[in-house]
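>>> Pasting a predicted model and its sequence here:
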Amino acid sequence: MPSITTPLQLTAAAALLQNQGLKPFPPGLATAIQTFNATTLISNLAAAVSFYKSQTFATAATLNSLLSMGNTVCPALGNSIPASPLGTYTYLNTEYLVNYLGTVDGSTLDPSGFSNLIEQTCAAYLGNGDLGRFSQGFMAVQSYIASTNNYINSSVNVNQYLGPTFTNMDNLVTGSITSVSTDLEPFGVDLYKQGELWNTAKLDLYGTPAGLLQQISARAGIQRQTVPALQNVMLAMGMTATDIENLITDNRIGVFNPTGISNNEFDRAQRLAYNAFTMISGDALVQILDILDVTTPNITGLEQLLDPVKTFPLSYPSLQAPGAVGPVPIFNTNGSVNSSIAPIVNSYLPAATGCDELSKIIPPADAVANKAIQVALQQINNIPNVPLPDLAQAVLGAVNNPWQVTNAYLPNDLVSTGAPVPAYYRATQEVPAGTDINNTAYWTPTTLGGLSTMSGLPLIQAQTTPVDTSVTNYFANSVATGTGPDGTITTYDVLGLALDADDFAARLIDAADTIDGLGTGLDDLSQIYVDMLSAANDAAMITLIANANAEIASIGSVHPAEVAAMNTDWVYIANLMNLSARYTTEAGIDYFNLQTGDKNSVYSFVQNLPRYGLLTANGDAAEFLINLADTAILGGQAMVGAMREGQNQTRLEANGIYNANQVPSNAEVEPIPVVLPVN
């Protein structure tokens, strides 16, 4: 298959596969760790820890106690992870204080003190010299960051973005269809039976004679006039051919039609058309209903297609229009039009007299109801591009396949039967002709997957905002813990230690200087650490650990300022490392147990470099990799170049420019002849 690799990516991959292209362990941090570990106190402690781990009497519990000395008072003096009251570091402890005396877990982590954990974590983030391991971790981190930040940003934006238009969850999950009707199945059946009655792209003509005439002509494939039976009646009622043409071509004056007729003239023609509609029944009506695919029952006159009680016989009691404080019923329980709805509907129309104007053309009740349905339908998302049959299909999931007992059916065929609300059946096997629909050996009742509401979920239905405050508070307080905007997580929040981005080196040097400055004040504690080298059994080591904790407590009372300074440095480091460990844990990444020699991850990482180049926010992947790349060598420069290339590619494509920078891996290359022919 064709390659998707560019020259810069090839160059970067060649370096990374040779474990080149990234900067090494931060020199300043390495020096700081070495300086801290070289103090007399900490070197004696390290010897004691090493001694204990080599003893046959060693236990995990005692080793953890040894590694936790001073953690509640001055953890720097015990090279331990701080504990309450200084802080709670669940993720660090879970990562570090485990049974390393038991079965070998395959990781490179050696529990010998907090400073060593800092060193080993930084090395693990860099892949421990294996850039396949680095690539595995980095890609997993980026996936975690992208997923988590998506939820953080959504939780911040959800109520601001959706809140102004939010009415209830039913409307939100149905594209606002439930804002039109609260009884979806009958509503869907009514829409289904209306066929192509109305053009949803011209809802301003919904329920008008002109809108109906335009649909009849469009569906019949007739231009500038209508079907003969209706055309003749309209002419007999005093309309001219021009009047009819004006209605069918929608020849109203406007910005894009300055030569059209006035609205008054257009409405005059509509009034005459409505009068003609009342004269259409019988065969002429059947012809028009067939043209429109209308199967609504009990339509005996063409004008009844402008009466919503007739066209929505099952669902008109549930129809509603939008209101300032919530949906407003269009009809009263007795079927009459809600007398208070006209001014509400007018407020949604371009002209504040919309209901009144239509009332001059068709019966006032029908006019108000149709205008109310118009503004209700206009709330449905993308309604101008959704033909009426598609809307019915979305609401009901209906199929136009009425069951006929005389027909044979194939397995899985769907049929509908019953009225006024159809029931649906699926064939369980091949059905011979003459098989009754109630024969369960062949037919099973089924549903068609129409729209679902939040019925039966009262807590969801009761929400007045898209997301409850308990949800946004959870994300704000428990997930949005990063340093990016709104608490989003950056690459530095997770892997910043690889660059010592938070300057742990300075904190370790401070702690080392303070320990050196205490001088003889630490002699007793240092001697306890030396005595640990002579512990003959576990009980003796436990006693010495208790003595060390008591001595650290004493040092804390004698030298409070120095202890406070060390605690500030130690807690600062622990807070950031614990957060980083939390992120890697939540991402499912065990940085101390990644696969070695993984070339496939290197290939994938390089393929992702152009995409990482687009992540240019502060602290994001692009900034991190630019700072981590070893630009003193060709491969490191190629990494940065591949990210720039990705940025360029996006800009070029956005402006229609093709960049021929991908190497075809399947190209046929003709060898150059040794001797060029002479012409």
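Received it, and whenever you're ready, just let me know what you need.
>>> Which element is encountered next along the chain beyond the helix or strand that contains residue 33?
Per DSSP states H and E, residue 33 falls inside helix 27-38. On the C-terminal side of helix 27-38, the closest following helix or strand by DSSP H and E is helix 40-53.
>>> Only alpha carbons, please: show the next helix-or-strand element following that next one as PDB.
Tracing the chain past helix 40-53, the next element assigned as helix or strand by DSSP H and E is helix 60-67. C-alpha atoms of helix 60-67 as PDB (Å, rounded to 0.1, in the frame of the first residue of the first chain):
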ATOM      1  CA  ALA A  60       7.600  -5.900  53.000                       C
ATOM      2  CA  ALA A  61       5.900  -4.200  56.000                       C
ATOM      3  CA  THR A  62       9.200  -3.300  57.600                       C
ATOM      4  CA  LEU A  63      10.700  -2.200  54.300                       C
ATOM      5  CA  ASN A  64       7.800   0.200  53.900                       C
ATOM      6  CA  SER A  65       8.200   1.500  57.400                       C
ATOM      7  CA  LEU A  66      11.900   2.000  56.600                       C
ATOM      8  CA  LEU A  67      11.000   3.900  53.500                       C
END
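>>> quick one: contacts of helix 60-67?
Here helix 60-67 makes contact (CB atoms under 8 Å, 6 or more residues apart in numbering) with 48-49, 52-53, 78-81, 96-102, 111, 113, 532, 538, 541-542, 545. (Glycine included, C-beta is placed from N, CA and C.)
>>> Filter the residues you listed down to the buried ones, ChimeraX style.
Command for ChimeraX that selects the buried part of the contacts of helix 60-67, burial taken from 16 or more other CB atoms under 10 Å:
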select :48,49,52,78,79,80,81,96,97,98,100,101,111,113,532,538,541,542,545
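>>> what's the residue closest to the geometric middle of the protein?
With distances taken as CA atoms, centre = their mean, the chain has residue 150 as the residue nearest its mean C-alpha position (5.8 Å).
>>> how about that one, what does it touch?
Listed by CB under 8 Å, 6+ apart, the contact set of residue 150 is empty.
>>> tell me the SS of the spatially closest residue to residue 75 that is not a sequence neighbour?
Distances taken as CB to CB, 6 or more residues apart in numbering place residue 82 nearest to residue 75, at 4.6 Å, with adjacent residues excluded. On the three-state scheme (DSSP: H, G, I helix; E, B strand; the rest coil), residue 82 is labelled coil.
>>> Residue 82 against residue 73, yeah?
No - counting by CB atoms under 8 Å, no contact exists between residue 82 and residue 73, whose distance comes to 9.7 Å.
>>> Give me the more crowded residue out of the two.
Each of residue 82 and residue 73 had its neighbours counted (other CB atoms under 10 Å), and the higher figure belongs to residue 82 (26 against 22).
>>> Now do the contacts for the more buried one.
Contacts for residue 82 were tallied using CB under 8 Å, 6+ apart; they are 71, 72, 75, 89, 567, 570, 571, 574.
>>> How confident was the prediction at the residue nearest to residue 75?
pLDDT, the model's per-residue confidence, is 97 for residue 82.
>>> do you know how far it is from residue 319?
Residue 82 is 65 Å from residue 319, where distance means CB to CB, to the nearest Å.
>>> ok, now which ones touch the closest residue to residue 211 other than its chain neighbours?
With CB to CB, 6+ apart as the criterion, residue 211 has its nearest non-adjacent residue at 3.2 Å, and that residue is residue 205. Going by CB under 8 Å, 6+ apart, residue 205 touches 199, 211, 214, 250.
>>> ok so, going back, what mean pLDDT does the helix or strand where the residue nearest to the centre of the chain lies get?
Secondary structure assignment for residue 150, by DSSP H and E: helix 131-162. In this model, helix 131-162 has an average pLDDT of 95.
>>> Make 795 the first number, not 1, from now on.
Will do, 795 is the new start, and the previous item becomes helix 925-956.
>>> Moving C-terminal from that helix, which element do we reach first?
helix 963-967.
>>> which residues are in contact with that next one?
Contact with helix 963-967 is made by 956, 960, 971-973, 1173, 1246-1248, 1254-1255, 1257, 1260, as judged by CB under 8 Å, 6+ apart.
>>> cutoff 7 Å now
Helix 963-967 is touched from outside by 960, 972, 973, 1247, 1248, 1254, 1255, 1257, 1260, with contacts defined as CB atoms under 7 Å, 6 or more residues apart in numbering.
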